[in-house]
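Trainee: Give me the fold of what follows.
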Amino acid sequence: MTLLRGRNKPTVKLNLRWASEYLTEPLAEPTFPIDVREHLVELGMMGNDTYGDCGPVAEVHLEMTTAVAAGGAAASPDSPLAVNRYVSYTGSETPPGPGVDLASYLLWCYQRGYIKAFAPVDQSDKAQCQALMAAGFGLVIGVNLTDENEQQFANGQPFDASATEPPNPDDGHAVLWGYSETANGPHAVATWALWQPTTDAWINDCLVQNPGGEAFLVVTTEEQLAAFDPALLADVAALGGTGGATAPPSPPEPPSGAE
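Mentor: Numbering: from 1, shown residues only. The predicted structure follows:
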């Protein structure tokens, strides 16, 4: 099985506050385990064995869990939704394509009405990330994989990282963080059609303490949106309108690790 990545290095900083700052009620202290996987087992590769569409796949996986949480039907594991959005966004029908940077891609999704809103999360604050998850929000996270992670996945082993197996800045990948058994792990992220277990060292090294890491809260339902101050919608709308009223950001050039 071919395992592709495709998260480009962040190239834009959008004029948005941290997601937690838009909430109408303070975040509660998280209780564990935190599980926003909604019992979904079949996730689907969704093209990430052909295209570098890990960003769109992570977002669609989030839409799937949110739909189930709201009592609706999730997209099927063989849905072409992520690939179609990736091809439309990048303009490239030749695999693997240039990859995406998450901020620009999520803004594009908002402009087309695919999502209700989004905001960055301070990925260096693991407790806040977990508090948002405990409040029912899966997080789309951008990480740098280690050179060993692909083999660990193939072997059925958890993603791990260490001083001797550090994240590779050229191996950008986007996943959905959906589970933490305790504050210090183990954890699970959705990638390559599976809920992949990870160690706490991996979350810390590849996301929390990684200067190239990033996290986003994505709002996909009106019920979720009700938890946020209207300023969130106003700030996101100020970035470029809705429904494709303005041109989306140009997809950036991929780093060498986008494959």
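Trainee: Could you count how many residues lie near the residue lying closest to Asp101 once chain neighbours are set aside?
Mentor: Once flanking residues are discounted, Asp101 sits nearest to Asn8: 4.4 Å by C-beta to C-beta, 6 or more residues apart in numbering. In this view, the C-beta of every residue, glycine as well, is placed from N, C-alpha and C. As a burial measure, Asn8 scores 25 neighbours (other C-beta atoms under 10 Å).
Trainee: what do you get for the one 10 residues further on?
Mentor: Counted by other C-beta under 10 Å, the residues lying close to Trp18 total 16.
Trainee: measure the residue lying closest to it once chain neighbours are set aside to Asn84 for me?
Mentor: Spatial nearest neighbour of Trp18, chain neighbours left out: Asp122 (5.3 Å); criterion: C-beta to C-beta, 6+ apart. Using C-beta to C-beta, to the nearest Å, we find Asp122 at a distance of 32 Å from Asn84.
Trainee: how about the helices in the stretch 1-150 of the chain?
Mentor: 54-69, 81-90, 102-111, 126-134, 149-154 (DSSP state H, counting those that start in this stretch).
Trainee: Tell me what angle the second one forms with helix 102-111.
Mentor: Orientation check (axes from the mean of the first three to the mean of the last three C-alpha atoms, to 10 degrees): helix 81-90 against helix 102-111 gives 100 degrees.
Trainee: residue furthest from the geometric center of this protein?
Mentor: Residue farthest from the centre of the chain, counting by C-alpha atoms, centre = their mean, is Thr164 at 26.3 Å.
Trainee: So that one: helix, strand or coil?
Mentor: coil (DSSP: H, G, I helix; E, B strand; the rest coil).
Trainee: Just the pLDDT at Leu139, thanks.
Mentor: pLDDT, Leu139: 97.
Trainee: which residues touch the helix or strand where Ala201 lies?
Mentor: Assessed by DSSP states H and E, Ala201 sits inside helix 200-203. With C-beta atoms under 8 Å, 6 or more residues apart in numbering as the test, helix 200-203 has contacts from 126, 146, 149, 158-162, 177, 184-187.
Trainee: From the chain's centre, how far out is it? Work that out for me.
Mentor: 16 Å (C-alpha atoms, centre = their mean, to the nearest Å).
Trainee: for stretch 148-155, same thing?
Mentor: 20 Å.
Trainee: Need the contact partners of that stretch.
Mentor: 1, 3, 158-161, 165, 171, 191-192, 194, 196, 202.
Trainee: quick one: average pLDDT of that stretch?
Mentor: Mean predicted confidence for stretch 148-155 is 97.
Trainee: Walk me through which strands the lengthiest strand in the chain pairs with, and which way each runs.
Mentor: Counting by DSSP state E, the longest strand found in the chain is strand 167-180. Strand 167-180 has the following strand partners under DSSP bridges: strand 34-35 (antiparallel), strand 139-146 (antiparallel), strand 187-191 (antiparallel).
Trainee: Can you tell me which of those strands is nearest to Ala28?
Mentor: Minimum separation from Ala28 across the strands paired with strand 167-180 (C-beta to C-beta) falls at strand 34-35, 11.8 Å.
Trainee: Ok, which of the helices of the stretch 1-150 of the chain comes nearest Leu14?
Mentor: Among the helices of the stretch 1-150 of the chain, helix 102-111 sits nearest to Leu14 (C-beta to C-beta), with 5.4 Å.
Trainee: and the closest one with helix 54-69, angle?
Mentor: Using the same axes, to 10 degrees, helix 102-111 lies at 50 degrees relative to helix 54-69.
Trainee: Would you pull up how far helix 102-111 lies from the middle of the chain?
Mentor: With C-alpha atoms, centre = their mean, you get 12 Å for helix 102-111.
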